[in-house]
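A.B. asks: when you get a sec, could you give me coordinates for this:
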Amino acid sequence: MQAARTRVLIASVFAFALASVPASANGTQEKKEVNLGFFGVSTNIDARELGLPVYPGATVHRKAQDEDSSAKVWAGLGNFGFKVVAIELDSPDAPAKIAAWYRPMLNRFGAVLDCSYGAPKAPAMDEDFMNCKNDHPAAGGFLFKAGRKYDMHVVGVEREGAGTKIALVYVSLRGIGN
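C.D. replies: Numbers count the residues shown, from 1 in each chain. Here you go, the predicted model:
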């Protein structure tokens, strides 16, 4: 996605997650996890943790032979903490079809903010609500956010090669401005 903050967030989560957990000794694909109680990193993602279903027929995106495209990072200490769950998927379906499937599902988390390419500029929201600012996908792509900026769901959909890449992200912060 060309959405600057969303891409940086996803890239940071993946890089941190993959650098923080040991690689498989025999080179086979395996789920990785580090759990220190107050902090954890895992590539073992259950789609239910995202609060959104996996698009029918979609498969987990593979960046390289031995590299996952899903990660979960969490930390907590007293009343402060965060959890970020992210997964990238591939589908042969068109971006518009996938976006139309996900958009109504986001309604249960609150108002849906449409940061899609060419979408009308969203009205100014109160400071607790998310905004688009510089978060926009490439032409023909879709980016939706729902919830509040301290508890949000993000769905990004854009064409990649002959298929479509789907990014699902859930971010929850507690005790930080909320």
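A.B. asks: who are the packing partners of the helix or strand encompassing Ala75?
C.D. replies: According to DSSP states H and E, Ala75 maps onto strand 70-77. Packed against strand 70-77 by the contact rule (3 or more Cβ pairs under 8 Å, 6 or more residues apart in numbering; DSSP states H and E) you find helix 4-20, strand 39-42, strand 80-91. For every residue, glycine as well, the C-beta is placed using N, CA and C.
A.B. asks: how about 10 Å then?
C.D. replies: Counting contacts by 3 or more Cβ pairs under 10 Å, 6 or more residues apart in numbering; DSSP states H and E, strand 70-77 is packed against helix 4-20, strand 33-35, strand 39-42, strand 80-91, strand 163-174.
A.B. asks: tell me who's in contact with Ser91.
C.D. replies: Residues in contact with Ser91 (Cβ atoms under 10 Å, 6 or more residues apart in numbering) are 54-59, 61, 97-98, 101, 157, 160, 163-166.
A.B. asks: and those, which are buried?
C.D. replies: 55, 58, 61, 98, 101, 157, 160, 163-166 (16 or more other Cβ atoms under 10 Å).
A.B. asks: can you lay out those residues as JSON lines showing distance to Ser42 and pLDDT?
C.D. replies: Putting the buried ones among the contacts of Ser91 into JSON lines (distance: Cβ to Cβ, whole Å; pLDDT from 0 to 100) gives the following:
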{"residue": "Tyr55", "distance to Ser42": "22", "pLDDT": "95"}
{"residue": "Ala58", "distance to Ser42": "20", "pLDDT": "92"}
{"residue": "His61", "distance to Ser42": "17", "pLDDT": "81"}
{"residue": "Ile98", "distance to Ser42": "26", "pLDDT": "97"}
{"residue": "Trp101", "distance to Ser42": "27", "pLDDT": "96"}
{"residue": "Val157", "distance to Ser42": "25", "pLDDT": "95"}
{"residue": "Glu160", "distance to Ser42": "25", "pLDDT": "90"}
{"residue": "Gly163", "distance to Ser42": "26", "pLDDT": "92"}
{"residue": "Thr164", "distance to Ser42": "26", "pLDDT": "95"}
{"residue": "Lys165", "distance to Ser42": "22", "pLDDT": "94"}
{"residue": "Ile166", "distance to Ser42": "20", "pLDDT": "94"}
